[in-house]
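starting from these lines, generate the structure:
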Amino acid sequence: MTLLKLAVSALVLLGLLAALTLWRAGLREAAAAAAFPPEGQFVTVDGHRIHYVMKGSGTDLVLIHGASGSLRDFSFGPIDRLAQDYRVIAVDRPGLGHSDPLPEVSLAAQAHAIKAAMASLGVTKPVVLGQSYGGAVALAWALEGGPRALVLVSSPSLPWPGKLDIWYRLTSTSVGRAVIVPLVSAFVPQSYVIAATDAVFAPDPVPPGYDAWIGTELTIRRATLATNVAQVNALRAELVTMEPRYGALTLPVELVHGDADTIVPIDIHSRPLSRLLPNATLTVLPGTGHMPQHSHPDAVIAAIARAALR
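Okay, here's the model as predicted:
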C-alpha cells in the first residue's frame, strides 16, 4: 500500500508540474506576443505565412537570420543603413519570429518557401545575405537557383567534427523535445538568455539596447524552440549532401567571418568553403566573434556592395 501511495503521489506531482508548466509557458508566450508584435507584412506560400519587412529602393537584398533568432536582428540596425542603397527585405525564417512552421525543417524547404515568398513580391534575382544558420539557407537557395550573389556572414557551410552541445543533443528526439522544450519555455530565466547572447557575441560586446530589442521571448516559445532545435539538429547531415554540389555554384559569393568565432569556427567553414567555390572572396575579421553585422557593420556593408557590383 505504501508503494501504491508513493506512486499515486508521484503521478499527482507530475501532473501538477505539467499543469504549472503549460500555464506558465502560455503566460510567457502571450506576453511575448504583446511585447513583440509583427513589424512588417505577411505573404502566404502554400498555406504558410512568411513574415517580412521591406524598406528602401534599389538592388534587391534579402536578409536571412540565424538560429534562435528573427528578422529583429537586422531591424535593430543594419536594415536602416542598407535601405539607403538597396530595396531590403528581411524575413523571418519558417517557424521562427512570426513566420509559420513548415511541414519539414530542411534547408531546402526553407529556401524554397523564402524564394517563393520573394517571387510573389517581385523579388526574383536578389543579392541574398545569410547570417549564421541563415547562410546555410542561402546556400541551399543558391543550389536551387535564383540569387544574383551571396553574402555569407559567419555561416556554417561544411560538416563539422564532433557533436552539437548538450542542449541540442537532449532535444534531438521527439521525446526529448516533448519533455524539455516546455520546461525551458516556462522556466528559463531571462538572466540565462542574456548570458547566452553575451556568449554568441563574444569576444565582442553586445550593443547597447540589443537585449531589449531582439525579442528572445519570441524564441523561447514552445513551438519556436521545437522548430529551432529540429532545424539545427538536421543541419550537419544536410551539409554533407550539399558539399559535393558547391563547385557548381558560379555566382559571386562574399564570405565574411571573424577569426575569434567559436560558434561557427572559420577554419571549419568559411576558409575551406572559399577554396571550394569558384567565385568566392573571403574577408577575415581579426579578433571578431560571431556577430560582425553588429560589431563590424562597415565590413559587412562593403561585402554586400562588392557582391552587388560583381
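
mind listing what's buried along stretch 192-211?
Taking 16 or more other Cβ atoms under 10 Å as the neighbour-count basis, stretch 192-211 is seen to contain the buried residues 193, 197, 200-202, 204, 206-207, 210. To be clear about C-beta, it is placed using only N, CA and C from the backbone, and glycine gets the same treatment.

the residues you listed in helices, which ones?
With helices identified by DSSP state H, the entries of the buried residues of stretch 192-211 that belong to them are 193, 197, 200-201, 210.

identify the farthest-apart pair in the residues you listed.
The most widely separated members of these, counting by Cβ to Cβ, are V193 and F201 (13.1 Å).

so for stretch 62-70, mean pLDDT?
Computed over stretch 62-70, the mean pLDDT rounds to 98.

list the contacts of the closest residue to H98 other than its chain neighbours.
Taking Cβ to Cβ, 6 or more residues apart in numbering, and ignoring the residues beside it in sequence, H98 has H51 as its nearest neighbour in space, at 3.9 Å. By Cβ atoms under 8 Å, 6 or more residues apart in numbering, the contact list for H51 reads 38, 40-42, 71, 91-92, 97-99.

filter those residues down to the buried ones, ChimeraX style.
Of these, the buried ones can be selected in ChimeraX as follows, counting by 16+ other Cβ under 10 Å:
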select :38,40,71,91,92,97,98,99
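
in a markdown table: the contacts of H51, plus secondary structure.
Supplementary listing: the contacts of H51 in a markdown table, determined by DSSP: H, G, I helix; E, B strand; the rest coil:
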| residue | secondary structure |
| --- | --- |
| P38 | coil |
| G40 | coil |
| Q41 | strand |
| F42 | strand |
| L71 | coil |
| V91 | strand |
| D92 | coil |
| G97 | coil |
| H98 | coil |
| S99 | coil |
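
could you dump the contacts of H51 to CSV with distance to G176?
What follows is those, written out as CSV (distance: Cβ to Cβ, whole Å):
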residue, distance to G176
P38, 30
G40, 33
Q41, 35
F42, 31
L71, 28
V91, 29
D92, 25
G97, 24
H98, 26
S99, 24
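
for the contacts of H51, which one is nearest M242?
Here the nearest of those to M242, counting by Cβ to Cβ, is V91; it sits at 20.5 Å.

that closest one and G77, how far apart?
17 Å (Cβ to Cβ, to the nearest Å).

about what we covered before: pLDDT check: weakest of the ones in helices among the buried residues of stretch 192-211?
Of all those, V193 has the smallest pLDDT value, namely 94.

and the gap between the residue lying closest to that one once chain neighbours are set aside and L170?
Taking Cβ to Cβ, 6+ apart, and ignoring the residues beside it in sequence, V193 has T216 as its nearest neighbour in space, at 4.8 Å. Using Cβ to Cβ, T216 is found at 19 Å from L170.

settle it for me: which of the two has more neighbours?
T216 (20 against 16; other Cβ atoms under 10 Å).

go ahead and confirm the more buried one touches A195.
No. Counting by Cβ atoms under 8 Å, T216 does not reach A195; the two are 11.3 Å apart.

what number of residues lie near V264?
V264: 23 surrounding residues under other Cβ under 10 Å.

with L277 instead?
Other residues near L277 number 23, with proximity taken as other Cβ under 10 Å.

just checking, it touches L249?
Yes. Look at L277 against L249 with Cβ under 8 Å: they come within range, at 5.8 Å.

thinking again about what came up before, I'd like the ones in helices among the buried residues of stretch 192-211 as CSV, with distance to P126 appended.
Converted to CSV, these look like this (distance: Cβ to Cβ, whole Å):
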residue, distance to P126
V193, 32
T197, 29
V200, 26
F201, 27
Y210, 26
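
what is the three-state secondary structure of E104?
E104 falls in the coil class when you classify it by three-state DSSP.

count of neighbours near it?
Burial of E104 is recorded as 12 neighbouring residues (other Cβ under 10 Å).

the closest residue in space to K55 that isn't next to it in sequence and L309: what is the separation?
If the residues on either side of it in the chain are set aside, K55 comes closest to A83, at 3.9 Å by Cβ to Cβ, 6+ apart. Computed with Cβ to Cβ, the distance linking A83 and L309 is 18 Å.

got it, and V256?
On the measure of Cβ to Cβ, V256 and L309 end up 16 Å apart.
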